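Engineer: pasted the sequence and its predicted model underneath.
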Amino acid sequence: MISENRNTILAVVLSLIVLLGWQYFVAGPQLERQQAALEAQQQAEAERLAADGANPQTPQPSVTTAGNASAPTQAAGAPTSFASRDQALAASKRVVIDTPRLEGSVNLTGGRLDDLRLKDYHETVDRSSPTIVLFSPKGGPNPYYADYGWTKDPASDVVLPGQDSVWSVEGEATLTPSKPLTLTWDNGNGLIFKRSYSVDENYMFEVVQSVENSTTDAVTIYPYGLIARQGTPETTGFFILHEGLIGVFGEDGLKEVDYGDLEEEGKMALPQVDQGWLGITDKYWASTLIPVPGNDFQPGFSHSTTTGNFQADFLGNAVTVAGGSTGETSSYLFAGAKETNLIDSYEATLGVKSFELLIDWGWFYFLTKPMFFVIDWLFHLSGNFGVAILLVTVLVKLVFFPLANKSYVSMSKMKLVQPQMTEIREKYGDDRQKQQQALMELYKKEKINPLAGCLPILVQIPVFFSLYKVLFVTIEMRHAPFFGWIQDLSAPDPTSLFNLFGLIPWDPSVVPIFGPFLMLGVWPLIMGITMFIQMKMNPAPPDPTQQMIFTWMPVIFTFMLASFPAGLVIYWAWNNTLSVTQQYVIMRRQGAKVELWDNLAALFKRKKSASND
C-alpha cells in the first residue's frame, strides 16, 4: 500500500512536470510565433490600405437591433501616425481628468475617453517608475479607449456626431470627483447633443448622453458604448488566467473570449439582455461597459481584420425625442485596477450582476476567494502579505490537524508493523491475493488505515492551487514585499545560485531555453531542502527505481518551482517545515522510529562507498 501511495504521488508529480513542460516548450513558443505572424500580417495590411488610399477609420456594423441600427466598429488608427503616446495626446484639444487615483484627459475630438493612467500603480516595484497606462489615443502606440455616441436606422437622415466631431466644453474644464464634465455638439439642424462624464474617487465613470430637439419633428436614435483596442496585447499566456474579452450576460452568465478565438470568428453573436456588463480584461486591469441594470441592451464582441481592432460594445434601446423636448440615456464605465473589495462594492451598490467575476477566481472559486479574504484579513493584522501567508499556512494546518494527526498516527503504526508485513510478503511469495488478505487482516487488527497517508496530500492540492491562484491573479499581491530581497511576492525569487546570489555580475535568465530554470533563488533552495528532509523522514522504498525517483524529486521540484511566485514557494517551504515537525512529534509519541538520521547517514555512506570503489 505504501508503494501504491507513492505511485499516486509520483503520478501527480509527473502530471505537473508534463503540464509545465508543455506550456514552456510547446504552447509558449507557438503563441510567440502566432503573435509575430499576426503583427506582420497587420503591418502589411495597414501599409496596403495606406498605399491604396483606403480609409481604415470607416465604421462597420457590429451588433444590430430589429430597427437595423448598429453600434459602429471604430478603428484605433492604422497605420500609426505618431511615434509616441505624448505626440498623439498633443495632437488634439483635451480636458484634464484629475482624481485621487486617476489622471488623464478626455479628447474633444470624438469626445472619447482615451487617456488614462493609474496613479497608485507603477510598472515596477520602484515607486519612481512610470505609472500604469490604461487608455491611449488613436494614432499613437497601442490605442485603447472607450467611446460613446448615437447611431440611427439606415433610412434616417439625422446628422449625428462622429469619430472626428469636435465637441465644446460646457462649464468646468476639468473632470474631478466633485466636478462632472459636460461636452456639447450642435448638428446645425436643430439637434444639440450632450455627453456628461462624472467619476467617483476610484475607477467608476457614469456617462450620460442627451439630445435636445428644437425641431418640430420627432427623432429616433440608438445609444451605444464601446471599448476598442488595436492589436493583440502582450499577455501572460498562462492557462489558469483569462485575458481578453469578457462579459456577463443575464442568465447565460459569464462569457470569456480569447483574442485568438475572436480573430477567427470575427464577430460573436450574444443574447440581448437587461442585466450584465462587458469589456476587456488584462491580468490586473480592466475596462468594462455597464448598462444600467434593468435596461435592455444588445452586447457584441468583434474583431476587424482590416485594422486589427478588438471591440466590446453594446447598443441600447431606441430613444425617441419629440419636437421641443429632450431625450436622455446613461450607463457606467469601469476603467482601472481589479481590486477585490472595490469590485465587490460596485456589484453591491450599483447592482451589477456577477461583477466579481471580472477577477478570474477559477474553478476553485469556493476556495480561492475565501483564501484571499483570510490572507487579506491577516495582512491588515500583520502589515505584511508574506507574514499573512505564513499565518494562513498555520491556520490551514490547524483546520486539518485532526485529519493529518490520524494520517501520521496511521503511518507510525505502519512503521511499527513493518517486520510483520515483511514476513507476510515472504510467506506468500507471488500469491498476491493471499498477501493482500493477510495484510488487510493485519491492518484491521492494528487499527491501521492504509489510505490515511494519502489524505494530507490530497487535501493540500486544492489549498495549494487556490493559494497559487490568489498570488497569480489578485492585484493586492502585486509588488507586495516580504522581507529582505523579496520585494514582490507575486514574482519569482530574483536571486540565483548560478551567479552566487548577485556576487557575479551576470544574469542567468538570459540563457536560451534554460534561463528560467537557472533562476534558482534562496527560497526555492530552502523549499527543496525542506522537501528533501520530509522525504527522508520515511524509510527508503525497497525498489531501487523508486529510491532514485524519490531522491531526485526534491531536486526536480526545486528547479520547477524556482519560476513560481515567491509567495507560493515560501508557503510550500513553511508548510514542509510544519509537516516535518508535526510528523516527528507524532512518530516519537507513537514509539515509531524516525528514519531521518538513518536515511541521511545511509546516503553519505553510499557516497563514501562509491568514492572508495
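Structural biologist: Nice, I can see it.
Engineer: any buried residues in whichever strand or helix holds F472, and which?
Structural biologist: When secondary structure is defined by DSSP states H and E, F472 falls within helix 455-473. Neighbour-count burial for helix 455-473, counted by 16 or more other CB atoms under 10 Å, picks out 455-456, 459-460, 463-473. C-beta: built from backbone N, CA, C; applies to glycine.
Engineer: strands along the stretch 151-300 of the chain, start to end?
Structural biologist: The residue ranges that make up the strands of the stretch 151-300 of the chain, judged by DSSP state E, counting those that start in this stretch, are 168-170, 174-175, 181-186, 191-199, 204-213, 219-230, 244-249, 254-258, 267-268, 276-281, 285-291, 297-304.
Engineer: what's the closest of the ones you listed to Q487?
Structural biologist: Taking CB to CB as the criterion, strand 285-291 is the member of these that comes nearest to Q487, at 20.8 Å.
Engineer: list the helices and strands that closest one packs on?
Structural biologist: Counting contacts by 3 or more CB pairs under 8 Å, 6 or more residues apart in numbering; DSSP states H and E, strand 285-291 packs against strand 131-135, strand 144-151, strand 219-230, strand 244-249, strand 276-281, strand 309-316, strand 326-337.
Engineer: quick one: buried residues of stretch 517-529?
Structural biologist: Using 16+ other CB under 10 Å as the burial criterion, the residues of stretch 517-529 that qualify are F517, L518, M519, L520, G521, V522, W523, P524, L525, I526, M527, G528.
Engineer: in JSON lines: those residues, plus pLDDT and distance to Y428.
Structural biologist: Putting the buried residues of stretch 517-529 into JSON lines (pLDDT from 0 to 100; distance: CB to CB, whole Å) gives the following:
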{"residue": "F517", "pLDDT": "74", "distance to Y428": "46"}
{"residue": "L518", "pLDDT": "80", "distance to Y428": "50"}
{"residue": "M519", "pLDDT": "81", "distance to Y428": "51"}
{"residue": "L520", "pLDDT": "88", "distance to Y428": "47"}
{"residue": "G521", "pLDDT": "89", "distance to Y428": "50"}
{"residue": "V522", "pLDDT": "92", "distance to Y428": "50"}
{"residue": "W523", "pLDDT": "93", "distance to Y428": "48"}
{"residue": "P524", "pLDDT": "92", "distance to Y428": "45"}
{"residue": "L525", "pLDDT": "93", "distance to Y428": "45"}
{"residue": "I526", "pLDDT": "93", "distance to Y428": "45"}
{"residue": "M527", "pLDDT": "91", "distance to Y428": "41"}
{"residue": "G528", "pLDDT": "91", "distance to Y428": "40"}
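Engineer: sketch out the low-pLDDT regions of this protein for me.
Structural biologist: Within the chain, the ranges that satisfy pLDDT under 70 run 1-80, 411-412, 415, 448-457, 538-547, 590-613.
Engineer: domains for the chain, by residue range?
Structural biologist: What automatic domain parsing lists as the domains of the chain is 1-54, 55-64+78-360, 369-612.
Engineer: okay, the ones you listed, which one's buried deepest?
Structural biologist: Among the domains of the chain, domain 55-64+78-360 has the highest mean neighbour count (mean count of other CB atoms under 10 Å), at a mean of 18.
Engineer: sorry, back to before: convert the helix or strand following the helix holding F472 to PDB, retaining C-alpha atoms only.
Structural biologist: Sequence order places helix 515-518 as the next helix or strand after helix 455-473, per DSSP H and E. As requested, the backbone C-alpha atoms of helix 515-518 are provided in PDB (Å, rounded to 0.1, in the frame of the first residue of the first chain):
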ATOM      1  CA  GLY A 515      17.400  30.600 -18.500                       C
ATOM      2  CA  PRO A 516      14.200  30.500 -16.300                       C
ATOM      3  CA  PHE A 517      15.400  27.300 -14.700                       C
ATOM      4  CA  LEU A 518      18.700  28.900 -13.800                       C
END
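Engineer: other residues contacting helix 515-518?
Structural biologist: Contacting residues not belonging to helix 515-518 are listed as Y24, S496, F498, P508, S509, V511, F559, A562, S563 [CB atoms under 8 Å, 6 or more residues apart in numbering].
Engineer: so which of those comes closest to M421?
Structural biologist: Of all the contacts of helix 515-518, F559 has the smallest distance to M421: 35.1 Å, by CB to CB.
Engineer: so that closest one sits against L520, correct?
Structural biologist: Yes: taking contacts as CB atoms under 8 Å, F559 lies within contact range of L520: 6.5 Å.
Engineer: residue contacts, T495?
Structural biologist: With contact taken as CB under 8 Å, 6+ apart, T495 is in contact with W485, F501, G502, G521, V522.
Engineer: need phi/psi at the closest residue to the third one other than its chain neighbours.
Structural biologist: Distance criterion CB to CB, 6 or more residues apart in numbering; nearest residue to G502, sequence neighbours excluded, is T495 at 6.4 Å. As for T495, its main-chain torsions (degrees, to the nearest 10) stand at phi -80, psi 170.
Engineer: so how far is G567 from T495?
Structural biologist: Relative to G567, T495 is positioned 15 Å away (CB to CB, to the nearest Å).
Engineer: now, among the buried residues of stretch 517-529, which is nearest to L403?
Structural biologist: The shortest gap between L403 and any of those belongs to M527, at 23.1 Å (CB to CB).
Engineer: from D200, how far out is the closest residue in space to that closest one that isn't next to it in sequence?
Structural biologist: Nearest residue to M527 in three dimensions, chain neighbours excluded: A573, at 4.0 Å (CB to CB, 6+ apart). Per CB to CB, A573 is found 42 Å from D200.
Engineer: what does D360 give?
Structural biologist: Shown here: D360 relative to D200, a distance of 24 Å by CB to CB.
Engineer: what does P370 give?
Structural biologist: Relative to D200, P370 is positioned 28 Å away (criterion: CB to CB).
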